[in-house]
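Chemist: Next one to model:
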Amino acid sequence: MRELVLILPDLYLTDADAALPQRGASRPDGLTRLRFAQATPLRGGWRGALARGMGRADLVAVDPAEVVAAAMGTATPGAVAGDAASDGVARDPWLVAPLHLMAGLKTVHLAPDGLLRLPPDEAAELAAAHDAAFGVDGVVLRPAGMAGFLLEGLDAAVGAVTVEPQRLLGGALDEALPGGPGGPTLRAWITEIEMWLHGLPLNRRREARGEPRVTTLWPWGGGDPLREPLAALPAGAAAEAARWPRVWSDDVWVAALGRLAGGIVEPLPRAGAAHRAGAAEDALEPLLAATEDSGCVVVPVLGTGLGQLDRRYIAPAARAVAEGRLERFTIAANDRAVRLARADRWRVWRPRRDLLEAVSEGGA
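Modeler: Now for the predicted structure:
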């Protein structure tokens, strides 16, 4: 394989957080230390890098929610084709994440593990209950895998400024609430949803099992008036050659991008019995064997752990680079990318750093 790109879509750090994988989380020991090149910014973040790598750089200018809606086949004519919906109002979709919040002395925080991944049956139950309560107003919620849900019909929220929940893990939410012209509509919806969730039978069952309650639903990724409607993109926009013809990911937006780009997006390799028992497992070998071309893997830190990601991907990739089986290894996180090539081992002036140090600090 010429190049492997590892994208960690939920690893966002500030310079002060260099020692932490997420605010409020503990730093894992024993991370692989390598002579990473200087960190470089990613134009459009990790989604921009992936869209360009799959030959659809034009989709960076489209709301993430609209990309998902188009691939799911649920987008309304007003959102995708630029026409008016049946009632004459254009409908913009939103991605909605189920969160577990923690009350502090002065504000509410999103717990480091507060971004919830509901199993399919619970997601379907929550969406059906929501539509029974709010569907009469035309507001519908659809399960969208790891992304949480897709919200449609909240027309007055267009123009709201939102923050992706991964950027808020471990932090306060008071300054991250939706703003902009549509912000009051989204904030009102969030307040109503939180009161509704308080008495939801699903939450009572989760609490009885010792699982965190869904305390709020967080909308993001839609309604941006500065972004392009999907149908407004020029014809032939997908004609660019894909640098990464194969991508492995369970992320819903990545799968949607793959459908729109005509690329191959496969599920992440599943951990074997040895890994589930606590032993280290090399997840890279099946990917190296699958293609001689370049490829990209999108793996969230949440639910996996940075230590496991290091053992399953980073350390094996470093060995593959040293052995010449991999020409270059790139890790994208924190809206930045760090790279490792075989010749870097001779650049002794570069300090050896683990991923967190390299992404947060840059380097030589």
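
Chemist: Just checking the distance from stretch 36-43 to the centre of its chain.
Modeler: Distance of stretch 36-43 from the chain centroid (Cα atoms, centre = their mean, to the nearest Å) equals 19 Å.

Chemist: And stretch 170-190, by the same measure?
Modeler: Chain-centre distance of stretch 170-190: 20 Å, with Cα atoms, centre = their mean.

Chemist: Past the strand or helix carrying residue 205, which element shows up next along the chain?
Modeler: Here residue 205, judged by DSSP states H and E, is contained in helix 201-208. Sequence order places strand 216-220 as the next helix or strand after helix 201-208, per DSSP H and E.

Chemist: That next one pairs with which strands?
Modeler: Strand 216-220 has the following strand partners under DSSP bridges: strand 94-103 (antiparallel).

Chemist: Buried residues, the strand it pairs with. List them.
Modeler: Neighbour counts over strand 94-103 (16 or more other Cβ atoms under 10 Å) mark 94-101 as buried. For glycine as for every other residue, the C-beta is placed from the backbone atoms N, C-alpha and C.

Chemist: Format these as JSON lines; extra columns: distance to residue 328 and pLDDT.
Modeler: Below are the buried residues of strand 94-103 laid out as JSON lines (distance: Cβ to Cβ, whole Å; pLDDT from 0 to 100):
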{"residue": "94", "distance to residue 328": "37", "pLDDT": "93"}
{"residue": "95", "distance to residue 328": "32", "pLDDT": "95"}
{"residue": "96", "distance to residue 328": "37", "pLDDT": "96"}
{"residue": "97", "distance to residue 328": "33", "pLDDT": "96"}
{"residue": "98", "distance to residue 328": "37", "pLDDT": "96"}
{"residue": "99", "distance to residue 328": "37", "pLDDT": "96"}
{"residue": "100", "distance to residue 328": "39", "pLDDT": "95"}
{"residue": "101", "distance to residue 328": "41", "pLDDT": "93"}
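
Chemist: which among those residues gets closest to residue 243?
Modeler: residue 95 (26.1 Å; Cβ to Cβ).

Chemist: Looking at strand pairing, list the partners for that closest one.
Modeler: Residue 95 has the following beta-bridge partners by DSSP bridges: residue 150, residue 220.

Chemist: what's near enough to touch it?
Modeler: 64-65, 68, 144, 147-151, 219-222, 253 (Cβ atoms under 8 Å, 6 or more residues apart in numbering).

Chemist: Among the residues you listed, show me the least confident.
Modeler: In terms of pLDDT, residue 147 ranks lowest among the contacts of residue 95, with 87.

Chemist: hang on, the earlier thing: centre of the chain to the helix holding residue 205, how far?
Modeler: With Cα atoms, centre = their mean, you get 26 Å for helix 201-208.

Chemist: May I have it as CSV, with CA atoms only?
Modeler: Extracted in CSV, the C-alpha atoms of helix 201-208 (Å, rounded to 0.1, in the frame of the first residue of the first chain):
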residue,chain,number,x,y,z
PRO,A,201,-39.9,5.1,29.2
LEU,A,202,-36.7,4.3,27.3
ASN,A,203,-34.7,6.5,29.7
ARG,A,204,-36.2,4.8,32.7
ARG,A,205,-35.2,1.4,31.4
ARG,A,206,-31.7,2.6,30.6
GLU,A,207,-31.4,4.1,34.1
ALA,A,208,-32.6,0.8,35.6
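
Chemist: State the mean pLDDT of it.
Modeler: On average, helix 201-208 scores 96.

Chemist: now do stretch 323-332
Modeler: Stretch 323-332 carries an average pLDDT of 91.

Chemist: what's the span of that stretch, first residue to last?
Modeler: End-to-end span of stretch 323-332 (Cα to Cα, to the nearest Å): 22 Å.

Chemist: Quick one: residues in contact with that stretch.
Modeler: 1-8, 42, 46, 49, 288, 314, 317-318, 320-321, 337-342, 355, 358-359.

Chemist: Also stretch 37-47?
Modeler: Stretch 37-47 is contacted from outside by 7-9, 48-49, 51-52, 60, 64, 253, 298, 332-333, 335-341, 344, 350, 358-359, 361-364, using Cβ under 8 Å, 6+ apart.

Chemist: And for stretch 255-267?
Modeler: Under Cβ under 8 Å, 6+ apart, the answer for stretch 255-267 is 50-51, 54-56, 59, 67-68, 70-72, 145, 238, 242, 244-250, 254.

Chemist: Which ones among these lie within helices?
Modeler: Residues of the contacts of stretch 255-267 located in helices (DSSP state H): 50-51, 67-68, 70-72, 254.

Chemist: Which of those residues sits closest to residue 213?
Modeler: Distances from residue 213 to the ones in helices among the contacts of stretch 255-267, taken by Cβ to Cβ, are shortest for residue 68, at 25.5 Å.

Chemist: Which parts of the stretch 201-350 of the chain are helices?
Modeler: Listed in chain order, the helices of the stretch 201-350 of the chain (DSSP state H, counting those that start in this stretch) span residues 201-208, 252-261, 273-276, 285-290, 306-309, 315-322.

Chemist: got any ranges where the stretch 201-350 of the chain has weak pLDDT?
Modeler: 226, 228-229, 231-240, 271-281 (pLDDT under 70).
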